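S.K.: Structural data only, the sequence is not supplied:
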């Protein structure tokens, strides 16, 4: 693959296994099985760049991945590998869900019922499958134009999504090539399931291809490990993978995988407690750090202890809100025009940075403009369409380029193994239950999947893996999957920070909303302690209070937001459970909460009608992101006994 003289890019040192995949005939169909660290995604990106450089029209190359985070990373890698950036820029890179949504809106005249949340994507996928099976002419013609399709992380494509991909393959032209990359050893079909709930194990794409592939697939493997360094990690990866691929007894599978990881990693903290974890985390300072748990509850407990001793950290698990970068809301909250030129954008940036620079930390003005222009370009050249940008931000899943991947601004990431799948870090602390506490299941598939979970966790490390043993916290779950734990007869620990816990717009209707936006902007990239309090003068709405100190050391308490009615109802469910005789009430104050982020919100038409200018016109604003696992005491009502 010769390098043009005028292009200074460095071509990676691909091995023969990878080159076979990268430089295979553009029309070939290949299934690549590759483990962690073997350069699977890098090879996929170089395959795309190679095809584009070979002259295939970039808009006729489609790359699908399972997660939104992976899509953003793949785009950057492809651009870094391609000799001709402009030719590679047009490659279509998307999640399966987003591509399905685009196909339905582009080729279906039948409107779907209005559904909030992920259910709308499920309905969209069902409808697109139906359109494929009806051989809708325009849809089939569109798919027939593609010259190469690449599917990354195929082991995670199951159920409706697997059915959709199979229909897509059936619609490709006879000359269209296909590259599928997968690792069955990392197949966790409950991909977003990081709690103790039953997983619906539906048919996977790999099993469907085995029986129904429209064309013969050439099978390839990547065996050489490139990503990792250090003496122990290659042993961990290879021995754990061997156990995952060859152990046949479901009753011993989880213990055997765990034992291999513990015995080969070289760094075992042994049994630990949540109170000891902060010190363990402090001792691991080798670059980026992931602290991985099996359950969401364990992440919450660990986060609480880290917050108490002042360890800055981030949270990565299911159920948390999507955080849109705060510079967007800070930039556009008071803008009333519908389009913006690059010159206007730069002037606005400078003006807002003078008022508060915090939202712009680690952001590059030129790169931010390029992202906005790519996502929301106006029909007039050189301008961005703020109305279109508002609609993108208001989605339940805004474009990943506009989002912050974790809750929190800095420090190690505390997360579940499921939520960190596909991500890497220099150092990983893997917290597993002791071997004596591994739960047995009557379902062999569940046992094998549980063992693969720990294999996935161990293989997130690039330089160092540390393991620790910790019993999982015993907790309860509401129907919403909100976690709680009773502490004695009149106290309960209660998860705060689920998506929808904070009222998006209440603070925008307050008389001091402009000043409040400045306060929120100044808090971007910080983690600060909060408390919540229900006040009778506000009809017992639960408001959020932040204590700030000015440069002279004078403290000021500021109301920055309000918890939602959904949160109040959830608290009421626990109240009913703890107080069936109706003698108690929750304390007026909820302590030990944390402001862990500031997010941009895109306001819907209905929301705009409930607030005033300028946000009702601009459609943008800032809102607080709050997390915590506080202990809420319940006290006796007046006349009902002692408090």
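M.R.: Everything's here; your move. As the structure is a prediction and not an experimental result, all values here were calculated from the model.

S.K.: how deep is residue 202 tucked in, by neighbour count?
M.R.: Other residues near residue 202 number 13, with proximity taken as other C-beta atoms under 10 Å. All C-beta spots, glycine's among them, are computed from the backbone N, C-alpha and C.

S.K.: Okay, now the unreliable bits of the stretch 501-643 of the chain?
M.R.: Within the stretch 501-643 of the chain, the stretches with pLDDT under 70 are 638-643.

S.K.: Just give me the residue right at the centre of this structure.
M.R.: Most central in the chain under C-alpha atoms, centre = their mean is residue 405, positioned 5.6 Å from the mean C-alpha point.

S.K.: What does the pLDDT read for it?
M.R.: pLDDT recorded at residue 405 is 87.

S.K.: And it, how far from residue 325?
M.R.: 11 Å (C-beta to C-beta, to the nearest Å).

S.K.: Could you do residue 93 as well?
M.R.: Applying C-beta to C-beta to residue 93 and residue 325 gives a distance of 20 Å.

S.K.: more neighbours, the two?
M.R.: Shown here are residue 93 and residue 325; by other C-beta under 10 Å, residue 325 has more neighbours (25 against 22).

S.K.: Is the residue lying closest to residue 505 once chain neighbours are set aside in a helix, a strand, or coil?
M.R.: Take residue 505 and drop its neighbours on the chain: the residue closest to it by C-beta to C-beta, 6 or more residues apart in numbering is residue 607, 5.2 Å away. Here residue 607 takes the helix state, with states given by DSSP: H, G, I helix; E, B strand; the rest coil.

S.K.: Pull the number of nearby residues for residue 607.
M.R.: Residues near residue 607, counting by other C-beta under 10 Å, number 18.

S.K.: how close does it sit to residue 359?
M.R.: Residue 607 is 21 Å from residue 359, by C-beta to C-beta.

S.K.: for residue 30, same thing?
M.R.: Taken as C-beta to C-beta, the span from residue 30 to residue 359 is 45 Å.

S.K.: who's more crowded, those two?
M.R.: Neighbour comparison, residue 30 and residue 359: the larger count goes to residue 359, with 24 against 18 (by other C-beta under 10 Å).

S.K.: Next up, phi/psi of that one, please.
M.R.: phi -60, psi -20 (degrees, to the nearest 10).

S.K.: Can you point out the buried residues in stretch 398-409?
M.R.: Buried residues in stretch 398-409, counted by 16 or more other C-beta atoms under 10 Å: 398, 399, 400, 401, 402, 403, 404, 406, 407, 408, 409.

S.K.: go on, stretch 170-181?
M.R.: By 16+ other C-beta under 10 Å, the buried positions in stretch 170-181 come out as 170, 171, 172, 176, 177, 178, 179, 180, 181.

S.K.: re the thing from before, now, which of the buried residues of stretch 398-409 sits nearest residue 131?
M.R.: residue 399 (24.6 Å; C-beta to C-beta).

S.K.: Phi and psi next, for the closest one.
M.R.: Torsion angles, degrees, to the nearest 10, at residue 399: phi -50, psi 140.

S.K.: doesn't residue 392 make contact with it?
M.R.: Yes - at 5.8 Å, residue 399 and residue 392 qualify as touching, with contact defined as C-beta atoms under 8 Å.

S.K.: anything in contact with each of the two?
M.R.: Both residue 399 and residue 392 are contacted by residue 375, under the criterion C-beta atoms under 8 Å, 6 or more residues apart in numbering.

S.K.: Now do the contacts for residue 339.
M.R.: 378, 380, 383, 384, 385, 386 are the contacts of residue 339 under C-beta under 8 Å, 6+ apart.

S.K.: Please list all residues in contact with the closest residue to the fifth one other than its chain neighbours.
M.R.: Right, residue 385. In this structure, residue 385 finds its nearest non-sequential neighbour in residue 378, 4.3 Å apart by C-beta to C-beta, 6+ apart. Residues in contact with residue 378 (C-beta under 8 Å, 6+ apart) are 339, 384, 385, 388.

S.K.: pretty sure the second one is touching residue 372, no?
M.R.: Right, the one you point to is residue 384. Yes - applying C-beta under 8 Å as the test, residue 384 and residue 372 come out as touching, 4.9 Å apart.

S.K.: Give the residues shared as contacts by those two.
M.R.: residue 345.

S.K.: wouldn't residue 223 be in contact with residue 17 here?
M.R.: Yes - Residue 223 lies in contact with residue 17 (C-beta under 8 Å); the separation is 6.7 Å.

S.K.: where do the contact lists of the two overlap?
M.R.: Joint contacts of residue 223 and residue 17 (C-beta under 8 Å, 6+ apart) are residue 38.

S.K.: neighbour-wise, which of those two wins?
M.R.: Legend: neighbour count by other C-beta under 10 Å for residue 223 and residue 17, higher for residue 17 (18 against 11).

S.K.: What is the three-state secondary structure of that one?
M.R.: Assignment for residue 17 (three-state DSSP): helix.

S.K.: Got the confidence number for it?
M.R.: pLDDT, residue 17: 91.

S.K.: so where's this structure uncertain?
M.R.: 1-12, 69-70, 72, 79-89, 111-120, 189-201, 229-230, 285-286, 438-441, 638-643.

S.K.: quick check: domain ranges of it?
M.R.: Listed domain ranges for the chain are 16-222, 233-321+407-474, 483-636 (source: automatic domain parsing).

S.K.: would you turn the ones you listed into JSON lines with distance to residue 343?
M.R.: Converted to JSON lines, the domains of the chain look like this (distance: least, C-beta to C-beta, whole Å):
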{"stretch": "domain 16-222", "distance to residue 343": "24"}
{"stretch": "domain 233-321+407-474", "distance to residue 343": "31"}
{"stretch": "domain 483-636", "distance to residue 343": "19"}
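
S.K.: looking at these, which is closest to residue 333?
M.R.: The nearest among the domains of the chain, by C-beta to C-beta, is domain 483-636 at 4.9 Å.

S.K.: Phi first, then psi, for the residue nearest to residue 385.
M.R.: Main-chain torsions, residue 378, degrees, to the nearest 10: phi -80, psi 160.

S.K.: Next one: it from residue 366, what distance?
M.R.: 18 Å.

S.K.: Also residue 437?
M.R.: 53 Å.

S.K.: what does residue 178 give?
M.R.: Taken as C-beta to C-beta, the span from residue 178 to residue 366 is 37 Å.

S.K.: for residue 160, same thing?
M.R.: 40 Å.

S.K.: neighbour-wise, which of the two wins?
M.R.: Neighbour tally, residue 160 and residue 366, criterion other C-beta under 10 Å: the higher count belongs to residue 160, 20 against 9.

S.K.: quick one: residue 413 from residue 429, how far?
M.R.: 10 Å.

S.K.: same question, residue 124
M.R.: For residue 124, the distance to residue 429 - C-beta to C-beta - is 39 Å.

S.K.: Confirm residue 484 sits in a helix?
M.R.: No - using three-state DSSP, the secondary structure at residue 484 is strand, not a helix.

S.K.: got the contact list for it?
M.R.: Per C-beta under 8 Å, 6+ apart, neighbours of residue 484: 475, 476, 477, 478, 492, 493, 494, 495, 574.

S.K.: Tally up the residues packed near the second one, please.
M.R.: Read that as residue 476. Other residues close to residue 476 by other C-beta under 10 Å number 13.

S.K.: Does it touch residue 483 like I think?
M.R.: Yes - using C-beta under 8 Å, residue 476 is in contact with residue 483, at 7.4 Å.

S.K.: any idea which helix or strand carries the nearest residue to residue 629 once chain neighbours are set aside?
M.R.: Excluding its sequence neighbours, the residue lying closest to residue 629 (C-beta to C-beta, 6+ apart) is residue 300, at 4.3 Å. Using DSSP states H and E, residue 300 maps to helix 296-308.

S.K.: Report all helices and strands that that helix contacts.
M.R.: Packing partners of helix 296-308 (3 or more C-beta pairs under 8 Å, 6 or more residues apart in numbering; DSSP states H and E): helix 277-283, strand 289-293, strand 413-416, strand 483-486, strand 589-602, strand 620-628.
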